[in-house]
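Undergrad: please find the sequence and the predicted model below.
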Amino acid sequence: ETGVTQTPRHLVMGMTNKKSLKCEQHLGHNAMYWYKQSAKKPLELMFVYNFKEQTENNSVPSRFSPECPNSSHLFLHLHTLQPEDSALYLCASSQAARHNTGELFFGEGSRLTVL
Amino acid sequence: QKEVEQDPGPLSVPEGAIVSLNCTYSNSAFQYFMWYRQYSRKGPELLMYTYSSGNKEDGRFTAQVDKSSKYISLFIRDSQPSDSATYLCAMTPDRGSTLGRLYFGRGTQLTVWP
């Protein structure tokens, strides 16, 4: 496998369910990110992990809980979501030293629908 | 006022046309400017990257930055159906930016028809 892999690609869940999104990068990068992409809106940065440490939580509601067990894996745990949380959730990685050049490598995303 | 403004389109052009995609921004601290391309059901991929003002050319693609006007452009020459995608502009300040905090436009959906 190469690049950034996200699973599942599609997820439908009720508001009371608990589910998790998984991301794995095979690029040897040390920074990983969760972004939210909603229709007609710019990409929104949610969480940043640098060398497994969370360095940014962009005022994300607590119903989204990230986990980064190592530099290659990133999870987003979901519980008691709202319909407005339906969106494409993108994982990305980069070399931390090159963050200002904007060279992010994105996965294909997990399309989430909350009923 | 949004940090980055980008017309979402959609934009539809015939094959071979010259395409011009644009973004404006309000924060004069932005120094790094990028264009990402996102095909349907895929994640964005970095297409072009420019530091500060000026032009950068890569094959059929040319990125322009005019910092005095706070305006960036992406030109696609001899457009092909395979260029059909959503194009996202993104930018970030030089110093002090949060890791991974790129300021994105909404994206412009482009269709090139044969």
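TA: Thanks, I have the structure now. The structure presented is a predicted model; accordingly, all values stated were derived computationally and were not measured. Numbers count the residues shown, from 1 in each chain, chains lettered A, B, ... in the order given.
Undergrad: any low-confidence regions in the chain?
TA: No chain specified, so I'll use chain A. Counting by pLDDT under 70, the ranges of chain A that qualify are A:1-2, A:96-102.
Undergrad: actually it's chain B I care about, not the one you picked
TA: Along chain B, the model assigns pLDDT under 70 to residues B:1, B:94-100.
Undergrad: what segments of it are helices?
TA: Taking DSSP state H, chain B contains no helices at all.
Undergrad: around chain A, pick out the residues from it.
TA: By Cβ under 8 Å from any Cβ of the partner chain, the residues of chain B that approach chain A are B:2, B:4, B:8, B:31-32, B:34, B:41-46, B:49, B:51, B:88, B:90-95, B:97-107. (C-beta placed from N, C-alpha, C; glycine too.)
Undergrad: which of those residues count as buried?
TA: B:4, B:31-32, B:34, B:43-44, B:46, B:49, B:88, B:90-93, B:97, B:99-100, B:102-107 (16 or more other Cβ atoms under 10 Å in any protein chain shown).
Undergrad: can you name the residue of chain B nearest to chain A?
TA: B:G43 (3.2 Å; Cβ to the nearest Cβ).
Undergrad: which non-adjacent residue is nearest that residue?
TA: A:F106 (3.2 Å; Cβ to Cβ, 6 or more residues apart in numbering or on different chains).
Undergrad: pretty sure the one you found sits against B:E45.
TA: Yes: between A:F106 and B:E45 there is a contact under Cβ atoms under 8 Å: 6.9 Å.
Undergrad: is whichever strand or helix holds A:K19 up against chain B anywhere?
TA: Element membership of A:K19 [criterion: DSSP states H and E] is strand A:18-25. No: judged by Cβ under 8 Å from any Cβ, strand A:18-25 makes no contact with chain B; its nearest approach is 10.7 Å.
Undergrad: who does that strand pair up with?
TA: Sheet partners assigned to strand A:18-25 using DSSP bridges are listed as strand A:4-7 (antiparallel), strand A:73-79 (antiparallel).
Undergrad: distance of the nearest residue to A:S65 once chain neighbours are set aside relative to A:K19?
TA: Leaving aside its chain neighbours, A:S65 sits nearest to A:H77 (4.2 Å; criterion: Cβ to Cβ, 6+ apart). Distance, A:H77 to A:K19, by Cβ to Cβ, to the nearest Å: 8 Å.
Undergrad: these two - which one has more neighbours?
TA: It is A:K19, of A:H77 and A:K19, that has more neighbours when counted by other Cβ atoms under 10 Å in any protein chain shown, with 17 against 13.
Undergrad: residues in contact with the more buried one?
TA: By Cβ atoms under 8 Å, 6 or more residues apart in numbering or on different chains, the contact list for A:K19 reads A:L11, A:M13, A:H77, A:L78, A:H79.
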